[in-house]
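S.K.: Return atomic coordinates for the entry below.
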Amino acid sequence: MFRFFLALAFPYLMTAGEVPGLSIVVIRDGKIAWHRAYGAANAETGAPLTDRTIFESASLTKPVFAYAVLKLVDAGVLALDVPLQQYLPEPASDERMTRITARMVLAHTTGFQNEVMPGQTLAVHFTPGSRFSYSGAGFLYLQRVVEHRTRKALATLMRELVFTPLAMRDSGYVWLPEYETRKAFGHTAGGSVAARRKPTTATVATLHTTPLDYARFVVAVMKGIGLKPATLRAMLSTQTPVDAGCVMCLTGASGRMSDTLSWGLGWAIERTARGTAFWHWGENNGEFQNFVMGYPNGDGVVVFTNSGNGFSIMPEVVDAVLGGPHPAFAWMGYEHYDSPAKVLLRDVRARGAAAALDAPVVNLLSESQLNGIGYSLLQRGRVRDAVLVFERNAARFPQSANVYDSLGEVCAAAGDRARAIVNYQRSLELDPKNGNAAEWLHKLR
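M.R.: This next block holds a predicted model:
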């Protein structure tokens with residue numbers, strides 16, 4: 001009955017959420033109990049997903065790397081609380097960088113930004129160890145330290161510490177020729193098929209794998225395979241609370257700590273009536289969206305999608321397997337497939353922006369929600385509708401540099417160079433540090 005229900009529910013959700021492909025593995029009592037792939041690996045060609053389809057795991061790479069780091073800790077190669085500068089001495093423009101440890105990286109308390117964008121440098125934004133702010137940049141820093149300390153490249157190290165011991169035969173960090181036929185294509189939220197990324201350098205963000213392979217890793221974590229008992233307890237127990245109102249919290253922290261969520265070492269932790277779970281999510285460029293949750297008692301689920309709409313249906317998918325609700329999804333902050341913003345987007349696509357934007361709900365949506373609708377339309381080639389949405393957003397939020405930056409972008413896409421310049425100029429007036437607006441003004445002029 002359970003499998004019959006899932007077989008009916010998931011295709012319905014995928015249609016409602018406009019998710020072309022979904023692959024799921026259910027774990028019961030520490031064993032892979034059921035798995036199935038739904039939909040298309042490529043919506044344009046109709047090529048089907050299979051159990052052997054390779055996905056970009058995105059930030060689900062981080063727990064796998066954390067597991068390898070903890071194995072090195074158990075082996076005495078690293079220590080969780082020794083400053084990483086002692087392993088890899090480097091010039092530090094900020095004295096606080098010399099205090100950062102592996103524990104801080106794995107618990108996201110380094111104070112680093114999430115990504116180092118072009119023109120930026122890696123910087124410490126608050127006292128390391130003092131609070132949570134999700135940082136992929138911190139993991140990249142720890143990768144350099146680990147490779148220096150072990151004298152091994154990441155791909156080699158992960159094969160030795162994780163993939164071979166756990167029989168993860170379909171996992172790797174760089175592009176392989178077989179991926180030409182095995183890898184799923186990513187799809188934007190607007191439904192278009194994205195160009196493939198083919199990484200040639202292994203990083204803690206490039207893991208390519210199958211849901212079945214990743215489930216083998218989750219089972220190993222549940223059972224503590226390869227880790228000392230005390231190390232496993234540290235991995236799956238709270239190292240730091242998380243702010244209830246933000247994920248990247250460099251400046252926007254509310255100071256109100258979540259009652260149900262915290263962070264361990266490489267994993268997020270969720271506490272509900274169902275029990276204490278470890279979990280993580282992954283997203284690449286709004287084209288792959290994946291989620292994993294497991295309980296120490298051996299129940300869990302691995303869900304990979306090849307769509308920027310994957311998270312819109314993820315709560316229902318996970319609740320169907322594990323029961324719910326799960327506060328992790330509200331904290332992540334993604335739009336639900338039947339949210340007012342998603343409903344408005346469908347209305348715009350059906351009737352056009354000129355008619356749909358008269359709906360009262362427009363005035364209830366946030367700046368980011370309206371921007372998301374505009375970009376989804378732009379991805380679908382609905383440029384005129386996108387212009388109208390961004391114009392409405394600018395009228396509602398006239399002091400937002402980001403809104404005018406987006407309006408400049410869509411005007412440029414519409415071929416209206418003069419209006420693009422006006423809006424990029426307005427964006428730069430509101431935020432003189434907006435490098436994107438400055439770059440586009442230079443190009444357009």
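S.K.: Every contact and neighbour count from this point should use C-alpha atoms.
M.R.: Will do.
S.K.: in the stretch 251-400 of the chain, what spans have low per-residue confidence?
M.R.: The stretch 251-400 of the chain contains residues with pLDDT under 70 at 252.
S.K.: how about 80 then?
M.R.: Residues of the stretch 251-400 of the chain meeting the criterion pLDDT under 80: 252-254.
S.K.: Tell me where it has strands.
M.R.: For the stretch 251-400 of the chain, applying DSSP state E, counting those that start in this stretch gives strands covering 257-263, 268-272, 275-284, 288-294, 300-305.
S.K.: I'd like the C-alpha coordinates of the last one written as CSV, please.
M.R.: Read that as strand 300-305. What follows is strand 300-305, C-alpha atoms only, in CSV (Å, rounded to 0.1, in the frame of the first residue of the first chain):
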residue,chain,number,x,y,z
GLY,A,300,15.6,8.0,6.0
VAL,A,301,15.1,9.3,2.5
VAL,A,302,17.2,10.6,-0.3
VAL,A,303,15.5,12.7,-3.0
PHE,A,304,17.3,14.1,-6.0
THR,A,305,15.6,16.3,-8.7
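S.K.: now what about it, what contacts it?
M.R.: Strand 300-305 is touched from outside by 19-28, 55, 57, 211, 214-215, 288-294, 318, 321-322, with contacts defined as Cα atoms under 8 Å, 6 or more residues apart in numbering.
S.K.: Distance check, residue 95 against residue 123.
M.R.: 11 Å (Cα to Cα, to the nearest Å).
S.K.: Compare the two and say which one has the larger neighbour count.
M.R.: Using other Cα atoms under 10 Å, the more surrounded residue of residue 95 and residue 123 is residue 123, with 17 against 9.
S.K.: how close does the closest residue to the more buried one other than its chain neighbours get to residue 235?
M.R.: With sequence-adjacent residues excluded and distances taken as Cα to Cα, 6 or more residues apart in numbering, residue 123 is closest to residue 112, at 5.7 Å. Separation of residue 112 from residue 235 (Cα to Cα): 21 Å.
S.K.: now residue 428
M.R.: Distance, residue 428 to residue 235, by Cα to Cα: 44 Å.
S.K.: quick one, which of those two is more surrounded?
M.R.: Between residue 428 and residue 235, residue 235 has the larger neighbour count (other Cα under 10 Å), namely 27 against 20.
S.K.: does the nearest residue in space to residue 434 that is not next to it in sequence sit in a helix, a strand or a coil?
M.R.: In this structure, residue 434 finds its nearest non-sequential neighbour in residue 428, 5.9 Å apart by Cα to Cα, 6+ apart. The three-state assignment at residue 428 reads helix, by DSSP: H, G, I helix; E, B strand; the rest coil.
S.K.: which residues touch residue 428?
M.R.: Counting by Cα under 8 Å, 6+ apart, residue 428 touches 401, 434, 437, 438.
S.K.: For residue 430, see how far away the first one is.
M.R.: For residue 401, the distance to residue 430 equals 5 Å [Cα to Cα].
S.K.: ok, these two, which is more surrounded?
M.R.: Comparing residue 401 with residue 430 by other Cα under 10 Å, the one with more neighbours is residue 401, at 23 against 16.
S.K.: Show me the contacts of residue 428 that map onto helices.
M.R.: Within the contacts of residue 428, residues falling in helices by DSSP state H are 401, 437, 438.
S.K.: Mind splitting this protein into its structural domains?
M.R.: Domains of the chain are assigned by automatic domain parsing as 12-332, 340-444.
S.K.: Parallel or antiparallel, list what pairs with the longest strand seen in the chain.
M.R.: The longest strand of the chain (DSSP state E) is strand 31-42. Strand 31-42 sits in its sheet next to strand 21-28 (antiparallel), strand 47-48 (antiparallel), going by DSSP bridges.
S.K.: With just CA atoms, put the longest one into PDB.
M.R.: If I follow you right, that is strand 21-28. The C-alpha coordinates for strand 21-28 follow below in PDB (Å, rounded to 0.1, in the frame of the first residue of the first chain):
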ATOM      1  CA  GLY A  21      12.600  14.300 -13.000                       C
ATOM      2  CA  LEU A  22      12.800  12.900  -9.500                       C
ATOM      3  CA  SER A  23      14.700  10.000  -8.100                       C
ATOM      4  CA  ILE A  24      14.100   8.700  -4.500                       C
ATOM      5  CA  VAL A  25      15.500   6.100  -2.200                       C
ATOM      6  CA  VAL A  26      13.700   5.100   1.000                       C
ATOM      7  CA  ILE A  27      15.800   3.700   3.900                       C
ATOM      8  CA  ARG A  28      14.200   1.500   6.600                       C
END
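S.K.: relative to strand 288-294, how tilted is it?
M.R.: Strand 21-28 and strand 288-294 are oriented at 10 degrees to each other (axes from the mean of the first three to the mean of the last three Cα atoms, to 10 degrees).
S.K.: With residue 57 as the reference, measure out to residue 202.
M.R.: Taking Cα to Cα as the measure, residue 202 falls 13 Å from residue 57.
S.K.: between the two, which one's more packed in?
M.R.: residue 57 (27 against 17).
S.K.: Quick check: that one touching residue 283?
M.R.: Yes: if you go by Cα atoms under 8 Å, residue 57 and residue 283 touch, sitting 7.5 Å apart.
S.K.: Need the residues touching each of the two.
M.R.: Taking Cα under 8 Å, 6+ apart as the contact rule, residue 57 and residue 283 both touch residue 290.
S.K.: Leaving out the residues flanking it, which one is nearest to residue 98?
M.R.: Among residues not flanking residue 98 along the chain, residue 85 sits closest, at 5.7 Å (Cα to Cα, 6+ apart).
S.K.: number of nearby residues for the one you found?
M.R.: For residue 85, the count of nearby residues is 16 (other Cα under 10 Å).
S.K.: Tell me the secondary structure at residue 220.
M.R.: Residue 220 ends up helix, using three-state DSSP.
S.K.: In the helix or strand where residue 420 lies, which residues are buried?
M.R.: Per DSSP states H and E: residue 420 is located in helix 417-430. By 16 or more other Cα atoms under 10 Å, the buried positions in helix 417-430 come out as 417, 419, 420, 421, 423, 424, 425, 426, 427, 428, 430.
S.K.: same thing with stretch 184-199?
M.R.: Buried, per 16+ other Cα under 10 Å, within stretch 184-199: 184, 185, 186, 187, 188, 189, 190, 191, 192, 193, 194.
S.K.: you'd agree the fourth one is up against residue 283?
M.R.: No: using Cα under 8 Å, residue 187 is not in contact with residue 283, being 11.8 Å away.
S.K.: out of the strands of the stretch 251-400 of the chain, nearest to residue 78?
M.R.: strand 257-263 (20.7 Å; Cα to Cα).
S.K.: Done for today, thanks.
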